[in-house]
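Engineer: Sequence first, predicted model second:
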There are 2 protein chains.
Amino acid sequence: MTSLPLINADRLWARLMALAEIGATPAGGVNRQALSDGEIAAWRRVIGWALEAGLTPSTDAAGNLFLTLAGRDRAAPPLLLGSHLDSQPTGGKFDGAAGVMAALEAVVSLAEQGEKPARDVVVVAWMNEEGSRFAPGMMGSEAFTGERDMDAIRAARDADGISVGEALDRLHQAFPDMPHRPLGFAVGAYLELHIEQGPLLEAAACTIGVVTGIQGKKTFQVVVEGAEGHAGTLAQLERRDALAAFARMATALHTEIGTIDADIKFTIGRVTVSPNAPSVVPSRVSFSIDLRHPDNAVLDAAGARIKALCEENASPCAVTVTPLVDAPSNAFDERLRASIAQAAREQGHSAMTILSAAGHDARHLAKICPAAMIFIPCRDGASHVEHEWAEPDHVAAGASVLAQVLGGLAFAPAIEA
Amino acid sequence: MTSLPLINADRLWARLMALAEIGATPAGGVNRQALSDGEIAAWRRVIGWALEAGLTPSTDAAGNLFLTLAGRDRAAPPLLLGSHLDSQPTGGKFDGAAGVMAALEAVVSLAEQGEKPARDVVVVAWMNEEGSRFAPGMMGSEAFTGERDMDAIRAARDADGISVGEALDRLHQAFPDMPHRPLGFAVGAYLELHIEQGPLLEAAACTIGVVTGIQGKKTFQVVVEGAEGHAGTLAQLERRDALAAFARMATALHTEIGTIDADIKFTIGRVTVSPNAPSVVPSRVSFSIDLRHPDNAVLDAAGARIKALCEENASPCAVTVTPLVDAPSNAFDERLRASIAQAAREQGHSAMTILSAAGHDARHLAKICPAAMIFIPCRDGASHVEHEWAEPDHVAAGASVLAQVLGGLAFAPAIEA
């Protein structure tokens, strides 16, 4: 290993806070959903910082943002590190943004050292990690790794009827001079820093989480179809009330699936009722299901019950259950995990291994290259909320560990050895 | 009684269809919600027809539209007849509009006869009968009869945050030269024609419904407050999931209240989930309850159970239940009912007495003057739907009966005798 690439912790924090001004909500959070005007503004700000440091911006057909520090061997598979800039509608300042800004800080610090890395080093911000405006999430990383087809991605629509395709074209039009890379390229290694989004590091008073893997996740879209009618005249027994059927399904699902064991996570987060008027019997309810468990066998068994529980409670309405995401639990690269643990130890930060309860783009990158994640604590384990918070010292520590692991890889003659 | 005021059935139907073009939906229905651009356009069209016949338009602070045919005694309490021009978001061509257009046709036909009525005859279109954009409905007639305060009415907001007050000011600005009447005035009698919005007339092959009264109705707004969290990390037992609590409440309410007897009507028609994102545990659910029964004792007993059923199923969330509408069953004026039955008999239309399952503005007018309603059949009893349909012959028959009853009142020296 060559000399440690130090980071500038004050600059990192100041930039992270400056980024949080874009899409800031009155309650202190961030609403910067995928491909929105807010995300375009965030791109501009981040690109400005990258250009100052001599990095080259580029994008691809999936709307991923790349900021490249050129290495000596431009043909070698680059090192990739980053996260995402989009947020939940009532999200926080750190989910995604902390990982992109820590990656940028690590690479800018590397550039400032003056020695060219052995290969290109690329900061990435993946398109639509959150999946709140356009479902499901992780579109950018899934397109990059070839797991999802761009036509299917472009066809998804938000609540206003705007397609991903239309929104992507709008993003690209906002940056007319930016070069486009082919979608997907060989990657030497992938690193992602993220807030834990859970309470474990804080409870253990631990600064660095060495992420072993990501718990498995399945998502579904369920549509209940009944018949509209007048709330004052249609007899109860003649109704096909989609809301009444939905309520029975949701209760049965929460009761059975939500109580399988202490590790199960079951959420109905989005519900859309039509026509949603007080004196009209609802004709249609569509709702989302988010199901997670670290054990793939439990996850599969729980997922297999969902259709039956919906159908058992549908009558006299009809129900269709469409699986969207089916991501089993995965394990991250052992050598990278060891490098993260070593860097934390050398820098004097407390560290522990941890399973990620939330999904991340790293899940998909792990299928095409060695990949790993660094977690830092967040207050009360709260994330996807406006009061989400990470301490400046923890952000600095995580970025510094990231920078050290990056430094070790950037000057290695071959990662694959 | 002087000579019968005949109506022009073809003109009535043509105008009703022309009105349905405003806010027309692709599926053949109407979306012309209260105080919308569509309702303003409908006002313009109806006012144009009224002016042609020599009627004088005016409005009031509640955004009710009046079209007056001047009588000999301008000081006598006028005869009022009409309904409403606003619709549900996926409503039909007849709910409300048929009553306003039948009233206009009856009064225009009366004007065309050339003999001045003994007192003013006024067509009315009440503001926001439906209550779908701004809840609750019947704001115009309740303000007119003094049952609701204008400040409270003006403060209600739609889903976009626009207040009734702002929308009313906009309506009035669209008609800057229209005179304003004081809110509420003495009325000699009130008549309203409406589609039945139920299956009874059609099932009995009967053209005219002589409405005996309106079934009682209570509405409530319920808000469930939990706590937001990450769907992948927050343990099930630590959640305060507002959607899960809502589903339990809705199931309990449908199970207990919805099965009281064959006459009960229980509807949860509108549900709003926050933040409504697939991977966020919902922190807040608000929903509407619409409860109706013809027997006031049953209605009161059912209404008294709602708060308890919500509270029993709320834990670990909090719930607040706010009563909005509390309208007991009422009976319409017996002399007017007899006049309607007599006119139907004389014109050769089959007729039956019928209880209104739906609420109407006539409920409120009945508190300040003799009031009655005429029902005509609608296909399959379907209303508040885009395929809502009434036969041209039934519309003509209803309007002709309305015109005959109006004629009997318009030339009577005193209604109150």
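Structural biologist: Structure received.
Engineer: And A:Ala358, what's its pLDDT?
Structural biologist: Note on A:Ala358: pLDDT of 85.
Engineer: Look at it and give its secondary structure.
Structural biologist: coil (DSSP: H, G, I helix; E, B strand; the rest coil).
Engineer: In contact with it, which residues?
Structural biologist: The neighbours of A:Ala358, taking Cβ atoms under 8 Å, 6 or more residues apart in numbering or on different chains as the test, are A:197-198, A:214, A:383, B:230, B:232-233. No exception for glycine: its C-beta is placed from N, CA and C like everyone else's.
Engineer: Report how many residues lie close to the nearest residue to it once chain neighbours are set aside.
Structural biologist: In space, and not counting its chain neighbours, A:Ala358 is closest to B:Gly232: 3.7 Å by Cβ to Cβ, 6 or more residues apart in numbering or on different chains. Here the count is done by other Cβ atoms under 10 Å in any protein chain shown, and B:Gly232 has 23 residues near it.
Engineer: what are the phi and psi values for B:Gly232?
Structural biologist: phi -100, psi -10 (degrees, to the nearest 10).
Engineer: got a list of what it touches?
Structural biologist: By Cβ under 8 Å, 6+ apart, the contact list for B:Gly232 reads A:197, A:215, A:217, A:265, A:290, A:292, A:357-359, B:279.
Engineer: now A:Arg72
Structural biologist: Contacts of A:Arg72 (Cβ under 8 Å, 6+ apart): A:116-119.
Engineer: how close does A:Val210 sit to B:Ala27?
Structural biologist: For A:Val210, the distance to B:Ala27 equals 57 Å [Cβ to Cβ, to the nearest Å].
Engineer: A:Ile354 now?
Structural biologist: Using Cβ to Cβ, A:Ile354 is found at 52 Å from B:Ala27.
Engineer: before we move on, the earlier item: who's more crowded, A:Val210 and B:Ala27?
Structural biologist: Higher neighbour count among A:Val210 and B:Ala27: A:Val210, with 24 against 9, using other Cβ under 10 Å.
Engineer: now the more buried one, which residues is it bridged with?
Structural biologist: Listed by DSSP bridges, the beta-bridge partners for A:Val210 are A:Thr353, A:Ile374.
Engineer: Can you pull the phi/psi pair for the closest residue to A:Ala277 other than its chain neighbours?
Structural biologist: Spatially, and ignoring its direct neighbours in sequence, A:Ala277 is nearest to B:Ser132 (4.1 Å; Cβ to Cβ, 6+ apart). Note on B:Ser132: backbone dihedrals following degrees, to the nearest 10 are phi -90, psi -40.
Engineer: residues contacting B:Ser132?
Structural biologist: Counted by Cβ under 8 Å, 6+ apart, B:Ser132 has contacts A:277-280, B:33-34, B:88-89.
Engineer: which stretches of chain A form helices?
Structural biologist: Along chain A, counting by DSSP state H, helices occupy A:9-20, A:37-52, A:97-113, A:139-144, A:150-155, A:164-174, A:200-203, A:242-256, A:296-312, A:334-347, A:362-365, A:392-410.
Engineer: for the ones you listed, which one sits closest to B:Ala204?
Structural biologist: helix A:242-256 (29.3 Å; Cβ to Cβ).
Engineer: mean confidence for that closest one?
Structural biologist: Mean predicted confidence for helix A:242-256 is 98.
Engineer: buried stuff in that helix?
Structural biologist: A:242-254 (16 or more other Cβ atoms under 10 Å in any protein chain shown).
Engineer: Also stretch A:170-186?
Structural biologist: Counting neighbours by 16+ other Cβ under 10 Å, stretch A:170-186 gives A:171, A:175, A:178 as buried.
Engineer: same thing with stretch A:203-215?
Structural biologist: Buried residues in stretch A:203-215 (16+ other Cβ under 10 Å): A:206-215.
Engineer: which one of those residues is nearest chain B?
Structural biologist: Closest approach between the buried residues of stretch A:203-215 and chain B, by Cβ to the nearest Cβ: A:Gln215, at 7.1 Å.
Engineer: For the closest one, which residues are in contact?
Structural biologist: Taking Cβ under 8 Å, 6+ apart as the test, what A:Gln215 contacts is A:263, A:265, A:292-294, A:329, A:355-357, B:232.
Engineer: And the pLDDT at the spatially most central residue of chain A?
Structural biologist: In chain A, the centroid-proximal residue (Cα atoms, centre = their mean) is A:Glu129; its distance is 3.6 Å. Looking at A:Glu129, its pLDDT stands at 98.
Engineer: For chain B, see how far away it is.
Structural biologist: Taking Cβ to the nearest Cβ, to the nearest Å as the measure, A:Glu129 falls 10 Å from chain B.
Engineer: Flag the shaky bits of the stretch 101-250 of chain A, pLDDT-wise.
Structural biologist: For the stretch 101-250 of chain A, no stretch is flagged by pLDDT under 70.
Engineer: Just give me the neighbour total for A:Asp361.
Structural biologist: Neighbours of A:Asp361 under the rule other Cβ under 10 Å: 31.
Engineer: And for it, nearest residue in space, chain neighbours not counted?
Structural biologist: Using Cβ to Cβ, 6+ apart, the closest residue to A:Asp361 is A:Ser141 (3.8 Å).
Engineer: Go ahead and confirm the one you found touches A:Asn128.
Structural biologist: No: taking contacts as Cβ atoms under 8 Å, A:Ser141 lies outside contact range of A:Asn128: 9.4 Å.
Engineer: For these two, work out which one has more neighbours and name it.
Structural biologist: A:Asn128 (31 against 28).
Engineer: So chain A: which segments form each domain?
Structural biologist: If you go by automatic domain parsing, the domain ranges for chain A are A:9-214+A:330-410, A:216-327.
Engineer: Out of those, which is closest to B:Arg335?
Structural biologist: Nearest to B:Arg335, of those and by Cβ to Cβ, is domain A:216-327 at 26.4 Å.
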